[in-house]
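1. I need the structure of the sequence given here:
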Amino acid sequence: MRERLRVTVRGAVQGVGFRPFVYRLARDLGLDGFVMNSPLGVVVEVEGEAAQLEQCLLRLDRDRPPRAVIQSLESSWLDTVPHAAFEIRDSAEQGPPTALVLPDVATCDDCRHEIFDPANRRYRYPFTNCTNCGPRFSIINSLPYDRARTSMRAFTMCPACQREYDDPADRRFHAQPNACAACGPRLLLWDAAGAELAARGDALSAAAAAIREGRIVAVKGLGGFHLMVDASNGPAVARLRARKHREEKPFALMYARLADAYEDCRLSAAETRLLESPERPIVLLRHRGLSEAGRVVATVAPRNPYLGAMLPCTPLHHLLLAETDGPVVATSGNLSNEPMATDEHDALDRLGGIADLFLVHDRPIVRHVDDSIACVMLGRELVTRRARGYAPLPVPLGREMPPMVAVGAHQKSAVAMTVGSNVFISQHLGDLESAQSVVAFEDALRSLQTLYHVKPALVAADLHPDYLSSRHAAELGLPLVLVQHHHAHVASCMAENGLEGSVLGVAWDGTGYGGDGTIWGGEFLLCDGPSFTRAACLRPFRLPGGDRAAREPRRAALGLLHAVGLVAAGTADGPMSRAFEPRERDLMVQALDRRLNSPITTSAGRLFDAVAAIVGLRALTTFEGQAAMELEFAVDETTDDGYPFTIDERVALFAPGPSWAAPRAVVDWEPMMRAVLADVRSGASVGVISARFHNTLAEMIVATAAFVADPRVVLTGGCFQNRYLTTRTVTRLRQAGFRPYWHQRVPPNDGGIALGQIAASSHSI
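-> The predicted structure is shown next:
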């Protein structure tokens, strides 16, 4: 089957023979399309068989011309359009080139070789960079991008660095962060009280020695602090968990070399490319098995078949990892629900109770930029946290927009802004649950406007009246566009995939305000431009305790069982009988009976939680999504059958509300839940039940798509971070003759909401 791939390549790719190289590559692979220069870099569109397109994507980086350096390679899969052959097109001139701030770029091979070469003047210098790599977004204050407008302005270049900077033949020609040990930033090692223990190379060696000894070191990196500890030291990892108040959520790992990651993880060619890419995200990889003692102890990722692995992205990290003799935990330098610390003095206050030592430097960080997180799903890259390496790259809308900002959601916050036909999305900002997070959110909103010299005329926000982001939007004094949460999810995925016209959007997540007084989260929305109709939804049920159910899957299970009169059958014996004290359960049932503090929801996320509790996996959680993750990890992939369900066009279960909020049909999970309970009672394995549950959800989507009869189906929302569910659903939709779309470079979770708010508004403005 023919497909189309669009790739935007940024970096040193103009004037180095890159377009002729792409032309020869496309002709060699038998692909049609074009290549052209643009203000953003080089744009490549290729059309052909999927295998050849995958080869093209791999070879664009691997076989590039010798003088070309790729700083960002952004790919999207699109519907095919007719191309007769492959051609080199004239350059696209539209759009000001100053409307682009590059993300921070991982250390290039040339700089990496220099810092490990004893004969080079930058030997072991941790702030080495050139025009092809180094900090960008994390150090720039305003455009145009020159040294005086970055946090490097305080460092005057020495004569040797200045000669490089002024020489057009040098790869450091106009490299704004250019520096060396004689004139640039320097390292210091502090104790927990801020007293200086060592400086420069001695500080780095002492920090590495401390990590080897099992101590926790806070390391000031590119966009903030990491907390680092030896990944093979169980007691050290346990101390980090206790001090950071992070009981079970997996930690990310940093490996010195790709070969080291291969020892612990199974990597495909696509995963290898992603791990080594200039973006250097944390990549979720299947590990080969963890134990209580080994290179990586099991407590790094408890009960999780994946490791979040990354390679060093800065010279500092390359040098540090070279001396630690093994992988290290490298987790964000913050407490729960706070943004990363970026200033060393602030870090002393906020991380003083966690870190034993602080490896700091004197180059200010203008804005915090966390590590991005990505995986390979269905052979394609999927970004689930968009930050370093990706932000603030734009998503093209295909139509000119007035200047506007979007404030996103409450969790996994990110903000966005339009410049012409592009939507620039901020870095991941975290949940708006703390004063520091709110400050970071407000700073990011101001920062985008300052960087791009934009004065917004409009602001888009979530329909939820209690989101802090929506409240802030209402206080800006601008015309306000409110966008329903799940409509924004669908619009985000449509914008990323370049879709116009009608689609069936399947928006499944944990929670989103529906506008009818209920909590949505299992939605089938027929979207066309600025409007949508609620084609269908999952059957609603009540959540005893409201928001507490997000942290206690047992509550979701009780509400679901109560909705279909199965409380006694579901809690008399088996795992659910141990989830509550008898009086506690009775009080919750009374609250459900009386409809007290028990809001109605259609949430697919809570449905996952309920099943996880019913099969005995997880009654209480310690981090968001834990129950659903463990249910996915339990899937027995040899099980191909599912459970029964129905699609009911009677919707009397719903309270009065706006006409657009009333669904045409309800997907009823009651037959499925009765079968789940029967399997639990008969002793079926958790793996088999989980597989049947996931398979049934995929069939619900296919059946609803047939009911709605729109050929294009968009999968979005946090539930589609689930690899098994997404893969199964895409496969079954294709088998049934539908065209499925899902996220790639923009998160399916609430990190993509700001883009969707703008995209959903764009047709009506």
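2. make it CA atoms for all contacts and neighbour counts henceforth
-> Fine.
3. what residues are up against Gln179?
-> Rather than Gln, residue 179 is Ala. 127-129, 157-158, 161, 185 (C-alpha atoms under 8 Å, 6 or more residues apart in numbering).
4. distance of it from Leu755?
-> Per C-alpha to C-alpha, to the nearest Å, Ala179 is found 37 Å from Leu755.
5. Can I get the buried part of the contacts of Ala179 as one PyMOL selection?
-> Listed next is the PyMOL selection for buried residues among the contacts of Ala179, using 16 or more other C-alpha atoms under 10 Å:
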select buried, resi 127+128+129+157+161+185
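6. Reformat the contacts of Ala179 as TSV; add pLDDT, secondary structure and distance to Glu670.
-> Listed next are the contacts of Ala179 as TSV, based on pLDDT from 0 to 100; DSSP: H, G, I helix; E, B strand; the rest coil; distance: C-alpha to C-alpha, whole Å:
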residue	pLDDT	secondary structure	distance to Glu670
Phe127	98	coil	59
Thr128	98	coil	61
Asn129	95	coil	59
Met157	98	coil	70
Cys158	98	coil	73
Cys161	97	helix	70
Pro185	98	coil	63
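7. Distance to Met377 for the contacts of Ala179 - can I get that in JSON lines?
-> Below are the contacts of Ala179 laid out as JSON lines (distance: C-alpha to C-alpha, whole Å):
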{"residue": "Phe127", "distance to Met377": "34"}
{"residue": "Thr128", "distance to Met377": "34"}
{"residue": "Asn129", "distance to Met377": "33"}
{"residue": "Met157", "distance to Met377": "45"}
{"residue": "Cys158", "distance to Met377": "48"}
{"residue": "Cys161", "distance to Met377": "44"}
{"residue": "Pro185", "distance to Met377": "40"}
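8. Disregarding residues adjacent in the polypeptide, which is nearest to Val680?
-> The shortest distance from Val680 to any non-neighbouring residue, by C-alpha to C-alpha, 6 or more residues apart in numbering, is to Val615 (6.5 Å).
9. Tell me the one among the contacts of Ala179 nearest to Pro544.
-> Nearest to Pro544 out of these is Phe127 (C-alpha to C-alpha; 53.3 Å).
10. Ile140 versus Leu445, what's the distance?
-> 15 Å.
11. more neighbours, the two?
-> Taking other C-alpha atoms under 10 Å, Leu445 and Ile140 do not tie; Ile140 has more neighbours (25 against 19).
12. need the helices for the stretch 1-150 of the chain, in chain order.
-> 18-29, 50-62, 109-115 (DSSP state H, counting those that start in this stretch).
13. and the angle for the first one with helix 50-62?
-> Taking axes from the mean of the first three to the mean of the last three C-alpha atoms, to 10 degrees, one finds that helix 18-29 is oriented at 150 degrees with respect to helix 50-62.
14. what inclination does the lowest-mean-pLDDT helix or strand in the chain have with respect to helix 18-29?
-> For the chain, the helix or strand with the lowest mean confidence is strand 69-78, at a mean of 82 (criterion: mean pLDDT, DSSP states H and E). Per the same axes, to 10 degrees, the angle that strand 69-78 makes with helix 18-29 is 50 degrees.
15. Show me the shaky parts of the stretch 651-765 of the chain.
-> 651-660 (pLDDT under 70).
16. Which stretches in it count as strands?
-> Assigned by DSSP state E, counting those that start in this stretch, the strands in the stretch 651-765 of the chain fall at 665-668, 712-716, 739-741.
17. quick one: the biggest helix by length in the chain to strand 712-716, angle?
-> Longest helix in the chain by number of residues, with DSSP state H as the criterion: helix 686-708. Counting by the same axes, to 10 degrees, helix 686-708 points 140 degrees away from the direction of strand 712-716.
18. which residues are contacting helix 686-708?
-> Here helix 686-708 has contacts from 504, 506, 524, 535-536, 615, 631-632, 634-637, 639-645, 647, 667, 672, 676, 679, 711, 713, 724-725, 728-729, 732-733, 736, using C-alpha under 8 Å, 6+ apart.
19. need the contact list for Arg606.
-> Applying C-alpha under 8 Å, 6+ apart, we find Arg606 in contact with 510, 549-550, 553, 556.
20. of these, buried ones?
-> When these are checked for burial by 16+ other C-alpha under 10 Å, the buried set is 510, 549-550, 553, 556.
21. Would you format these as CSV with secondary structure and pLDDT included?
-> CSV is the format used below for these (DSSP: H, G, I helix; E, B strand; the rest coil; pLDDT from 0 to 100):
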residue, secondary structure, pLDDT
Gly510, strand, 95
Ala549, helix, 93
Ala550, helix, 92
Pro553, helix, 97
Ala556, helix, 97
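22. just curious, which of those is nearest to His226?
-> The closest of these to His226 turns out to be Ala550 (C-alpha to C-alpha; 28.2 Å).
23. The closest one and Ala628, how far apart?
-> According to C-alpha to C-alpha, Ala550 and Ala628 sit 11 Å apart.
24. What of Ala440?
-> 29 Å.
25. who's more crowded, these two?
-> Ala628 (24 against 20).
26. How many residues are close by the residue nearest to the more buried one when sequence neighbours are not counted?
-> Excluding its sequence neighbours, the residue lying closest to Ala628 (C-alpha to C-alpha, 6+ apart) is Phe608, at 5.3 Å. Residue neighbour count, defined by other C-alpha under 10 Å, stands at 26 for Phe608.
27. Let me know whether Phe608 touches Gly625 as I believe.
-> No - counting by C-alpha atoms under 8 Å, Phe608 does not reach Gly625; the two are 9.2 Å apart.
28. so Asp146 touches Arg153, yeah?
-> No - using C-alpha under 8 Å, Asp146 is not in contact with Arg153; the gap is 9.0 Å.
29. Hmm, Leu348 and Ala193 touching each other?
-> Yes - Ala193 is within contact range of Leu348, at 7.3 Å (criterion: C-alpha under 8 Å).
30. Between these two, point out the one with more neighbours.
-> Under the criterion of other C-alpha under 10 Å, the comparison of Ala193 against Leu348 puts Leu348 first, with 21 against 12.
31. Could you tell me the per-residue confidence at that one?
-> Predicted confidence (pLDDT) for Leu348: 96.
32. And it, how far from Val219?
-> From Leu348 to Val219 the distance is 11 Å (C-alpha to C-alpha).
33. Domain boundaries for this structure, per the record?
-> Following the assignment in automatic domain parsing, the chain carries domains at 2-94, 187-361, 392-496, 502-743.
34. Quick check: mean pLDDT of the third one?
-> So that's domain 392-496. pLDDT averaged over domain 392-496 gives 93.
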